[in-house]
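Enquirer: Sequence first, then the predicted structure:
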Number of protein chains: 2
Amino acid sequence: MLTRTPRGSSSKNHLLARGVMLWRCIADDFEQMILVGKHENGARLPAESEIAARYGVNRHTVRRAMAELAARGLVYTERGSGTYVKTDKLDYRIGQRTRFSEIVAAAGHEAEGRLHGHRIEPASEEIAGRLGFKPGDNVLRLEIVRGADRVPISVATTWLPADRFHDAAKIFRQTRSITRTLAHYGVNNYRRKWTRISAAFADAVDAGRLRLSVHRPVLVVESLDVSAEDEPVLTTRGRFAADRVALTVES
Amino acid sequence: MLTRTPRGSSSKNHLLARGVMLWRCIADDFEQMILVGKHENGARLPAESEIAARYGVNRHTVRRAMAELAARGLVYTERGSGTYVKTDKLDYRIGQRTRFSEIVAAAGHEAEGRLHGHRIEPASEEIAGRLGFKPGDNVLRLEIVRGADRVPISVATTWLPADRFHDAAKIFRQTRSITRTLAHYGVNNYRRKWTRISAAFADAVDAGRLRLSVHRPVLVVESLDVSAEDEPVLTTRGRFAADRVALTVES
DNA sequence: CCAAGTTGTATAGTATAATAGACAACTCTT
DNA sequence: AAGAGTTGTCTATTATACTATACAACTTGG
């Protein structure tokens, strides 16, 4: 250790970013260590009291940091036992029948979907092309955040024909599922027609909704679903937290 | 604007990173806009009250954000007039006579140097080679933060022969200048022998000392200075905030 | 079963982030 | 010279981050 000048020589100085709370710095520090492989999957983290001592902070502060990591899906805690690393990813299988709730339920987790916003807007050239519309035609746009076991997995922007699915936003709020929303309109066997996958970094809005730092990667999944009669029923642009999901594409 | 669900629909939600203070989010937001060219050099920012209204926060919070930007050297404020963008960089000319204080003073700014730590350590192979020592020989290592007009410009790790400059840390604390410290030991006309320049991102420690975000670039300047008699007197590894300095190399 | 070690919860105190409002000091344009 | 608009400073209040301490609830290994 370097000899320090008297000024600002607190033991927690090395992580104190100005304007960033202590628990957040500790959480980010652990996220870094976990992502870099310093604690492997399933490993037990040191006890809260030990971490607190190591950072020179109160145990409550460490608890807040651990709660954050749990909210990010990086760890889980077991009362009386400890806090454990969980870096295994949800296997998200993309095929003709791709249903978020079914995939998550099959993996033994509780699926969740929440509508964060909606509006009717004129279709862009891109979206119109996908849905077989003319640019400027009205489409219904939904912003949906999906999660498994209360951990956000993806945010998706979904466009549907506005006339055919006019109250889809209301129906989605009730049913909390795109599958059930389409069923409400009599579309029961829609299937995935194509899927395009790329990668990017989370922007500020997505990062907030996914509980990610802005420098974490997302898998960008664009897709088109069609009805049994081959009519386009919805197209999406989803952003999946790459730390929490691995995509499997059937071929 | 998208129609929002009632949950968490505050007007400042789009920048509220969890565990990051409001003023910091606003400061980072402005830094981003400035760096991306949305406000050019010399331009006046909107009045504090207007910014406050725009973000839906109190004016004091905006003032804190502006103080942060000023501390980062990105803006300066003029009482009664406004806050102005300042993105021009200090021209740091590297030649045979390279003296931080002189360069900064010549640019019309007030130079400042502060010792953040020091110790005697065995020389690494690299450092020993530079100073003409054997690996393991004792060298004195200084950690110095330099600034202009109270804005950090560089952090530098400096190694000197430990025997010859034994109390250099103490002398530096008094003189606040490497030039004057060497003069104290009778070394008056040292000159730059070689300089090697590369680039990197600020690590957590350097970012804190330079008041940079960790994703901002730094210019890494490694160099060797020798006395008039051609004896190595010090070698450094400096990290310059690339947002605040441009290096000019004489040839 | 017990004891040691762990996470969960409760209470209370201190420091500070953010809000709110008022006014002083200053600049700039008219 | 005046007045509108700006930054600087002051006081006060509320919400919350962090600390401190204690104990309950639970797991694990002997």
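Expert: Perfect, thanks for sending it.
Enquirer: Specify the local secondary structure of A:T235.
Expert: State at A:T235, reduced to three classes by DSSP: H, G, I helix; E, B strand; the rest coil: strand.
Enquirer: Now do A:R244: how many residues are near it, please.
Expert: Residues near A:R244, counting by other CB atoms under 10 Å in any protein chain shown, number 25. From N, CA and C alone the C-beta is placed, and that goes for glycine too.
Enquirer: That one and A:L90 touch, don't they?
Expert: Yes: because the distance of 6.1 Å satisfies CB atoms under 8 Å, A:R244 is recorded as touching A:L90.
Enquirer: Now do the shared contacts for these two.
Expert: Shared contacts of A:R244 and A:L90, defined by CB atoms under 8 Å, 6 or more residues apart in numbering or on different chains, comprise A:I153.
Enquirer: and the residue of the stretch 51-200 of chain A found nearest chain B, how many neighbours?
Expert: Proximity of the stretch 51-200 of chain A to chain B (CB to the nearest CB) peaks at A:G117, 3.6 Å away. Neighbour count of A:G117, defined by other CB under 10 Å: 16.
Enquirer: these two touch, right, it and A:E143?
Expert: Yes: A:G117 lies in contact with A:E143 (CB under 8 Å); the separation is 4.3 Å.
Enquirer: contact partners of stretch A:23-34?
Expert: With CB under 8 Å, 6+ apart, stretch A:23-34 has contacts from A:15-17, A:39, A:45, A:51, A:55, A:57, A:61-62, A:64-66, A:68-69, A:72, A:74-75, A:85, A:87, A:213, B:18-20.
Enquirer: quick one: that stretch near DNA strand D?
Expert: Yes: Stretch A:23-34 lies within reach of DNA strand D by CB under 7 Å from any atom of the strand, at A:W23.
Enquirer: How about stretch A:82-93?
Expert: No: figure legend: stretch A:82-93 not in contact with DNA strand D (CB under 7 Å from any atom of the strand); closest approach 8.0 Å.
Enquirer: Strands of the stretch 1-150 of chain A, start to end?
Expert: For the stretch 1-150 of chain A, the strands defined by DSSP state E, counting those that start in this stretch occupy A:3-4, A:75-78, A:82-85, A:90-94, A:111-122, A:138-148.
Enquirer: Compare those and say which comes out lowest on pLDDT.
Expert: Ranked by mean pLDDT, the strands of the stretch 1-150 of chain A bottom out at strand A:3-4, which scores a mean of 30.
Enquirer: near chain B, which residues of the stretch 51-200 of chain A?
Expert: Residues of the stretch 51-200 of chain A lying close to chain B (CB under 8 Å from any CB of the partner chain) are A:68, A:114-119, A:141, A:143.
Enquirer: So out of everything in the stretch 151-251 of chain A, what residue is nearest chain B?
Expert: Counting by CB to the nearest CB, the stretch 151-251 of chain A gets nearest chain B through A:V205, at 6.2 Å.
Enquirer: What strand or helix carries that residue?
Expert: helix A:204-210 (DSSP states H and E).
Enquirer: Show me which positions of that helix end up buried.
Expert: A:204, A:206-210 (16 or more other CB atoms under 10 Å in any protein chain shown).
Enquirer: Show the model's pLDDT score for the residue most central in space within chain A.
Expert: For chain A, the residue sitting closest to the mean C-alpha position, by CA atoms, centre = their mean, is A:I153 at 2.9 Å. Reading off the confidence values, A:I153 has pLDDT 97.
Enquirer: pretty sure it is touching A:A242, no?
Expert: No: counting by CB under 8 Å, A:I153 stays clear of A:A242, with 10.8 Å between them.
Enquirer: hey, which of the strands of the stretch 1-150 of chain A is tucked in deepest?
Expert: Mean neighbour count (mean count of other CB atoms under 10 Å in any protein chain shown) peaks for strand A:138-148 among these, with a mean of 21.
Enquirer: any idea of the angle it forms with strand A:90-94?
Expert: Calculated by axes from the mean of the first three to the mean of the last three CA atoms, to 10 degrees, strand A:138-148 forms an angle of 150 degrees with strand A:90-94.
Enquirer: Report all helices and strands that strand A:138-148 contacts.
Expert: When contacts are defined as 3 or more CB pairs under 8 Å, 6 or more residues apart in numbering or on different chains; DSSP states H and E, strand A:138-148 packs onto strand A:111-122, helix A:125-131, strand A:151-161, helix A:168-175.
Enquirer: Turn these into JSON lines, including distance to DNA strand D.
Expert: Compiled in JSON lines, these are given as follows (distance: least, CB to the nearest atom of the strand, whole Å):
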{"stretch": "strand A:111-122", "distance to DNA strand D": "22"}
{"stretch": "helix A:125-131", "distance to DNA strand D": "39"}
{"stretch": "strand A:151-161", "distance to DNA strand D": "20"}
{"stretch": "helix A:168-175", "distance to DNA strand D": "27"}
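Enquirer: For B:P217, find the nearest of those.
Expert: strand A:151-161 (29.9 Å; CB to CB).
Enquirer: Partner strands of that closest one, with direction?
Expert: When pairs are called by DSSP bridges, strand A:151-161 turns out to pair with strand A:138-148 (antiparallel), strand A:232-241 (antiparallel).
Enquirer: Go through those strands and name the closest to B:V220.
Expert: Using CB to CB, the nearest of the strands paired with strand A:151-161 to B:V220 is strand A:232-241, at 33.1 Å.
Enquirer: what's the span of stretch A:118-129 from first residue to last?
Expert: Stretch A:118-129 has its terminal residues 21 Å apart, counting by CA to CA, to the nearest Å.
Enquirer: now swap in stretch A:200-207 and tell me
Expert: 12 Å.
Enquirer: likewise stretch A:159-170?
Expert: Distance across stretch A:159-170, first residue to last, is 15 Å (CA to CA).
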